[in-house]
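[1] How does the following fold in three dimensions:
(chains A and B)
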Amino acid sequence: DGGITQSPKYLFRKEGQNVTLSCEQNLNHDAMYWYRQDPGQGLRLIYYSQIVNDFQKGDIAEGYSVSREKKESFPLTVTSAQKNPTAFYLCASSFRARSTDTQYFGPGTRLTVL
Amino acid sequence: AQSVTQLGSHVSVSEGALVLLRCNYSSSVPPYLFWYVQYPNQGLQLLLKYTTGATLVKGINGFEAEFKKSETSFHLTKPSAHMSDAAEYFCAVSDRPLGGNEKLTFGTGTRLTIIP
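    Numbering: from 1, shown residues only, chains lettered A, B, ... in the order given. A predicted model of the protein is given here:
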């Protein structure tokens, strides 16, 4: 089955530690995205990538980093510089990064920083 | 800059009643509009989208939405609510910025509760 997988589903980390969230897609999509979801705030774009080896900052990129070495993978690192990292993180992909393209979402990773 | 406003963070309707979730947008160019649904602790799933053509768009699970340019609205409706419709619903807008990067802007969501 084609789709997007995110692992782990739940993640706990101590304050000050970096943590990497995994996102893999087998839809052969060029574009991939990372969003952060907080209660009452909807989804906010962290980073996106339109093609392998290229990515752009979204609206809230500070404290996060990404890489796009393979078409199917777009891992997100939450660094210790992120002031409030506890949130639900969603990865998405689309065929291209065009306005009309549907974004397909993974099941999410809930990160809790203790 | 584009933006989306969803009126009502929580909506409750009785099973079998009409569902109406409101979405108003702001965009400098004709927008593309989307409705997504999110079930608890899951990702988002596309319900429907408007790009061009017919302004009344039909989606999955019996939902539909109408693009009204004069009202800058894209409200989501379903004639008869089902218990399985209980979820959070997000409206999103995407425009075509000149020389800019195309991306989705999401509303803050509306949580729909169905009363038995």
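[2] Give me the local confidence score for the residue nearest to A:Thr100 when sequence neighbours are not counted.
    Excluding its sequence neighbours, the residue lying closest to A:Thr100 (Cβ to Cβ, 6 or more residues apart in numbering or on different chains) is B:Thr51, at 4.7 Å. C-beta here means a position set from N, CA and C on the backbone, and glycine is covered the same way. Per-residue pLDDT puts B:Thr51 at 87.
[3] B:Thr51 against B:Tyr32, yeah?
    Yes - shown here, B:Thr51 and B:Tyr32 form a contact pair, counting by Cβ atoms under 8 Å, at 5.0 Å.
[4] which of these two has more neighbours?
    More neighbours surround B:Tyr32 than the other of B:Thr51 and B:Tyr32, with 23 against 15 (other Cβ atoms under 10 Å in any protein chain shown).
[5] For residue 77, give me its contacts.
    The chain I'm using is chain A. By Cβ atoms under 8 Å, 6 or more residues apart in numbering or on different chains, the contact list for A:Thr77 reads A:Asn18, A:Val19, A:Thr20, A:Leu21, A:Tyr64, A:Ser65, A:Val66.
[6] My question was about chain B, not that one.
    B:Leu18, B:Val19, B:Leu20, B:Leu21, B:Phe63, B:Glu64, B:Ala65, B:Glu66.
[7] Kindly report the same for A:Asp38.
    A:Asp38 neighbours (Cβ under 8 Å, 6+ apart): A:Arg44, A:Ala87, A:Phe88.
[8] at 7 Å what do you get?
    Applying Cβ atoms under 7 Å, 6 or more residues apart in numbering or on different chains, we find A:Asp38 in contact with A:Ala87.
[9] now it: how far from A:Gly2?
    29 Å (Cβ to Cβ, to the nearest Å).
[10] B:Gly59 too?
    Counting by Cβ to Cβ - B:Gly59 and A:Gly2 are separated by 21 Å.
[11] In PyMOL, select just the buried ones from the contacts of B:Thr77.
    The buried subset of those, as determined by 16 or more other Cβ atoms under 10 Å in any protein chain shown, is captured in PyMOL by this line:
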select buried, chain B and resi 19+21+63+64+65
